Structures are given as structure tokens and as C-alpha cells.
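Asks: Need coordinates for the below:
(one chain, ligands or ions: 3)
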Amino acid sequence: MDVRITVLPGDGVGPEVTAEAVACLKSVAERYGHRFEFQEALIGGAAVDATGDPLPEATLKACQGSDAVLLGAVGGPAWDKHPRDQRPESGLLRLRKALGLYANLRPVSVHPALEDASPLKPEVVRGTDLMFVRELSGGLYFGEPRSYSDQAAVNTLAYTRAEVERVAKMAFELASSRRKRLTSVDKANVLETSRLWRKVVDDLAPAYPDVAVQHAYVDSFAMSLITRPRDFDVVLTENLFGDILSDEAAVLAGSLGLLPSASLGGSVGLYEPIHGSAPDIAGQDRANPIGTILSAAMLLRHGLNLTAEAAELEAAVDQTLREGHGTGDLKGARQAHGTRSLGACVRERLAAAVTPSR
Ligand SMILES: NC(=O)C1=CN([C@@H]2O[C@H](COP(=O)(O)OP(=O)(O)OC[C@H]3O[C@@H](n4cnc5c(N)ncnc54)[C@H](O)[C@@H]3O)[C@@H](O)[C@H]2O)C=CC1
Ligand SMILES: CC(C)CC(=O)C(=O)O
Ligand SMILES: [Mg+2]
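Replies: Ligands and ions are numbered 1, 2, ... in the order given. So this is what the prediction gives:
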């Protein structure tokens, strides 16, 4: 299979974690006889420094002309005081919007070897298997009008029925293929957008009779998520709530550095870890590359329809963790690694897997 993948390393730990994921993708391609062509492009602070624009036209064109996009992370203190259109984060938001990516899938599971890595009790986190479906191109991050002065600031929260419907349909379909439970998280007791959200979900429910639907308010759900996570399967949220709740859910898994994501809905998908640029550990070979490597596995599955290859990469990660390998963020990892050597560990296990038939 001939494939073009655009790699956007970005800022902070982004280049370190994408390097490991790209090396894993190269190993997979070699094992299966695929030809993956990688092209790097600038985004975020790195792009601001080079061109003044966090999403240069050339980067958007490269993404639009490829089969899938792998991203590290953007942002950092160097650009925090820049005006909004020159902030790294606005480049990423523009990219998501331009690619039409309205659904962000964020799977969260607890690896059996990492039940002690969470500050929560093992009996609480054990067996957790969630799929967040976060709306990605609407809501507060995009709503107009928006404005800022030192005296008053405005953001707008707006959703249309069509915007809610398309992401909710994806969540229903995922729930139907999993444990058939959908929890829609909103703040319908206070917000009009959430009232619409709830109505749309209820209107869609009869089309998915096998899926049990439950609504939850975001405030109490934030508590339920870490006190009884096994009660949930697919969790559907608007953009802001999903951003916050999925980082909270990282506490269940044991580290923010473990969690991958896939942003879907347009013709080209974007695959990135859920964490940010982690400026506190950038450039020190300390970042956990697993979230980005698992994002690469999602790229294989959702972006290229290479399910056996995706499963093999996930199995290599699974074995790496089962054998006690981990970076410093994983409490209780018996064998301490840096970013590069943990990536190499995954590739060694990949290489040792039974050779696929071509
Ligand atoms: N998708 C993206 O590109 C995102 C970018 N950001 C940006 O990243 C910058 C830093 O934001 P923070 O709030 O500090 O969030 P962050 O996710 O970068 O870091 C939060 C904490 O998690 C740790 N961490 C994150 N990734 C890790 C990894 N792979 N391995 C081990 N530890 C890891 C960090 O060291 C830090 O202590 C900001 O400029 C923010 O806007 C934040 C979230 C998402
Ligand atoms: C634009 C990003 C900084 C938003 C975010 O935190 C995320 O998507 O996880
Ligand atoms: Mg976030």
C-alpha cells in the first residue's frame, strides 16, 4: 500500500514523541511491505517562529494532500503573550476546522500492569474501558463573537442541530459496536446549547434501539468518572467538556502521556496524543511516547484501514507495559526508560511478533 503521511511535530515534547511514533510506523510498513512516505511540516510555535503563522498555507496544503496526519503537540510559554492569531493553539484549532474534523475519539483504558500507577485505588480503576467522543469543531473554542480587553472579555457557546447530530451519530454507532452504553454529558440544567444537545441525542436514540442512553450533568459526571469509571462505555461531550474530562480520565490510566486520539469526520484524519507540549519536561528525553504511538495505531486503523497492522502495534505496546517498561511518569514501572528507549522497546516487541503473511 502506498501512503503519504504528514507529520507535524510541533513544540515542546512534540518532536520527541512523534519521532518514536514515526519509527514505529516505519517498522510496521517494513514488516507488511507497505510504502509509507512521510513529509514533515511546521505547526504551532515552531511555525510562528519560522513564518509568523501557526498554520502556514503550505502545512494546510500538505495535510489536505495526504492520507493521514500525525501531530505531536503545540504551545509553550515562549508564545503565551502572542496575539491570538499568532498563538500556537490557534493554528491547531484552525487545522481541525479546515480538515472538517468534528469528532475526536479519545479511548481510555487501564492496562492491567498499571492498576497501581493511578493515585486512585486499583479496585476503582481496574477494567476501565471508555471511549470519549468529543465534539471538535464547534462550541466555545470557535464561537463568535469573541473579544478581549483588560476590562471585559467575551466567548460564545453556540451549537446547531446539525453539528450535534453528526457527532452524536458517531457516538451511537461506536456504542453499538462496543458495550452498547452511551452517556451524553451536558449542563442542560443551565445552558441552552446543552438543552439542544440533550434533545438531539433523545431524538436520535430510537434509531439505535440496542444502545442504552443516559444523560449526565458535567459537574457530577466529573466525580462519577473517577469514582465508578467502569459504569461507562461511550461518553459523548461538547468540545470544552470533552477536553477537560478526558484529561481527568488520564488519572485512571496512570498518566496523561499514555492516551491517544483520532480526530475524524473529514477526508483526512488527524492523530495526536491528548497531552500538550509539556514544557516542564521538553528536550529531556522524559516524555512518554506511548500516547503518540497509540495515536499512530489509530492512524493505521481509522486512517488507512490497516486493522491487522494497528492491532500488532497495540499488542507491542501492551507487551511493553506488561513487562514493566515505562517512562518516569508511570508510577511503579519496574524498568525505567527515556522517551527513545521506551520507543525502541515497543519496536523490539514489534519485530519479535510473528511475521505477517503478505
Ligand atoms: N493538543 C495540543 O497540542 C495541546 C497543547 N497544549 C499546550 O501545551 C502547553 C502546556 O500545557 P499544560 O497545561 O502544561 O499541559 P500538558 O499536557 O502539556 O502537561 C501537563 C502535565 O502532564 C505532563 N505530561 C504531558 N505529556 C506527557 C508525556 N507525554 N509524558 C509524561 N508527562 C507528560 C507534563 O509534564 C505536565 O506536568 C500549553 O501551551 C498548552 O496550551 C495543551 C493541551 C493540548
Ligand atoms: C487547542 C488545544 C490546546 C486544545 C486542547 O487542549 C486539546 O485539544 O486537548
Ligand atoms: Mg486538552
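Asks: Ligand 2 contacts on this protein?
Replies: Glu89, Leu92, Leu93, Asp243, Ile274 (Cβ under 6 Å from any ligand atom). The way it works is simple: take the backbone N, C-alpha and C, and place the C-beta from them, glycine included.
Asks: Please identify the helix or strand for the third one.
Replies: What it means is Leu93. Element membership of Leu93 [criterion: DSSP states H and E] is helix 88-98.
Asks: CA atoms only: put that helix into CSV for me.
Replies: Extracted in CSV, the C-alpha atoms of helix 88-98 (Å, rounded to 0.1, in the frame of the first residue of the first chain):
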residue,chain,number,x,y,z
PRO,A,88,0.3,28.0,18.6
GLU,A,89,-3.0,26.7,19.8
SER,A,90,-5.0,28.8,17.3
GLY,A,91,-3.0,27.0,14.5
LEU,A,92,-4.2,23.6,15.7
LEU,A,93,-7.8,24.8,16.1
ARG,A,94,-7.7,26.2,12.5
LEU,A,95,-6.3,22.9,11.2
ARG,A,96,-9.0,20.8,12.9
LYS,A,97,-11.7,23.1,11.5
ALA,A,98,-10.2,23.3,8.0
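Asks: and it, does that touch ligand 1?
Replies: Yes: Helix 88-98 lies within reach of ligand 1 by Cβ under 6 Å from any ligand atom, at Glu89, Leu92.
Asks: Show me what that helix packs onto, helices and strands only.
Replies: Helices and strands touching helix 88-98, by 3 or more Cβ pairs under 8 Å, 6 or more residues apart in numbering; DSSP states H and E, are helix 44-51, helix 57-64.
Asks: tell me the average confidence for the helix or strand hosting Ala29?
Replies: Using DSSP H and E, Ala29 sits within helix 14-32. The pLDDT scores in helix 14-32 average 98.
Asks: Given the lengthiest strand in the chain, what are its sheet partners and their directions?
Replies: Counting by DSSP state E, the longest strand found in the chain is strand 2-10. Strand pairing for strand 2-10, determined by DSSP bridges: strand 35-40 (parallel), strand 68-73 (parallel).
Asks: Go through those and pick out the most buried.
Replies: Highest mean neighbour count among the strands paired with strand 2-10 (mean count of other Cβ atoms under 10 Å): strand 68-73, with a mean of 28.
Asks: From ligand 1, how far off is the nearest residue to Gly324 once chain neighbours are set aside?
Replies: Of all residues not flanking Gly324 in the chain, Arg334 sits nearest, at 3.4 Å (Cβ to Cβ, 6 or more residues apart in numbering). According to Cβ to the nearest ligand atom, to the nearest Å, Arg334 stands 18 Å off from ligand 1.
Asks: and what of Val74?
Replies: From Val74 across to ligand 1, the span is 4 Å (Cβ to the nearest ligand atom).
Asks: Do you know the pLDDT at the residue nearest to that residue when sequence neighbours are not counted?
Replies: Closest residue to Val74 apart from its sequence neighbours, by Cβ to Cβ, 6+ apart: Gly44 at 2.9 Å. According to the prediction, Gly44 has pLDDT 98.
Asks: neighbours of Gly44, just the number please.
Replies: 31 (other Cβ atoms under 10 Å).
Asks: ditto for the one 5 residues further on
Replies: Residues contacting Asp49 under the criterion other Cβ under 10 Å number 14.
Asks: Can you tell me how far it is from ligand 2?
Replies: On the measure of Cβ to the nearest ligand atom, Asp49 and ligand 2 end up 18 Å apart.
Asks: If we go by neighbour counts, what in the longest strand of the chain is buried?
Replies: Residues of strand 2-10 classed as buried by neighbour count (16 or more other Cβ atoms under 10 Å): Val3, Ile5, Thr6, Val7, Leu8, Pro9, Gly10.
Asks: The closest residue to ligand 2 within the stretch 151-300 of the chain: how many residues sit nearby?
Replies: Using Cβ to the nearest ligand atom, the closest approach of the stretch 151-300 of the chain to ligand 2 is made by Asp243 at 4.9 Å. For Asp243, the count of nearby residues is 19 (other Cβ under 10 Å).
Asks: Name the nearest residue to it, ignoring sequence neighbours.
Replies: Arg134 (6.7 Å).
Asks: So that neighbour: helix, strand or coil?
Replies: The local conformation at Arg134, judged by DSSP: H, G, I helix; E, B strand; the rest coil, is strand.
Asks: That one contacts Arg106, correct?
Replies: Yes: in this structure Arg134 lies within contact range of Arg106 using Cβ atoms under 8 Å: 6.3 Å.
Asks: Common neighbours of the two, please.
Replies: Gly242, Ser246 (Cβ atoms under 8 Å, 6 or more residues apart in numbering).
Asks: Need the residues that contact stretch 157-177.
Replies: Counting by Cβ under 8 Å, 6+ apart, 102-103, 105, 131, 133, 135-140, 143, 181-182, 184, 191, 193, 196-197, 200-201, 204-205, 207-208, 210-211, 233-234, 236, 238, 264-265 sit against stretch 157-177.
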